[in-house]
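Participant: the following block contains a protein sequence and its predicted model.
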Amino acid sequence: MGKTLAESLKMLLNETFEGPENGGSYYTDTRPNAGIFGTLEDVGAEDASLSIHGSTIAAHADHIRYYLWVIRTMISGEEFEKDWGASWTISQVDEAKWTEIKEGLQTEYHTLLAEIDTIDLEEWLTNVNATIAHSAYHLGALRQMLKALESEK
């Protein structure tokens, strides 16, 4: 029997954030920790604060967190004002702020993942798909930024 729509969406979100399962992949590589969380795991605050091509790893991570929050807030029906520019203001972070960003990203991801089972997917399918695509884009950007850092060391 095939996967349900909710199972499929959660599997793709999982690959983007946690990495692929069971040695197979749809669009990331198959190495362990290939998702966003594994990519950020060993990045310290100092490296997360370095400007690379006009942005920082910390800004990308916080922007992903903000995007997830926006989608979840829209789904919940709460009134709010989006401020995409504010989601890019993070530049310099200390270890405490960097930990806060990564923990906030984990919280938003896990909350959205759980909500997929409770929302009307016909109504929110485009938003959830956009979340996967948007986050996968930033995963690629983060990896390129880390490669640029490695080549400078």
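Facilitator: Thanks, I have the structure now.
Participant: just the buried positions in the helix ranked longest in the chain, please.
Facilitator: As assigned by DSSP state H, the longest helix anywhere in the chain is helix 121-152. By 16 or more other C-beta atoms under 10 Å, the buried positions in helix 121-152 come out as 124, 127-128, 131-132, 134-136, 138-139, 141-142, 145-146. C-betas here are computed from N, CA, C, even on glycine.
Participant: which elements pack onto that helix?
Facilitator: Under the contact criterion of 3 or more C-beta pairs under 8 Å, 6 or more residues apart in numbering; DSSP states H and E, helix 121-152 touches helix 5-18, helix 36-41, helix 57-76.
Participant: from the chain's centre, how far out does that helix sit?
Facilitator: Here the centre of helix 121-152 is set off from its chain's centre by 6 Å, with C-alpha atoms, centre = their mean, to the nearest Å.
Participant: and residue 31, how many neighbours?
Facilitator: Other residues near residue 31 number 11, with proximity taken as other C-beta atoms under 10 Å.
Participant: next: residue 20.
Facilitator: Count around residue 20 with other C-beta under 10 Å applied: 20.
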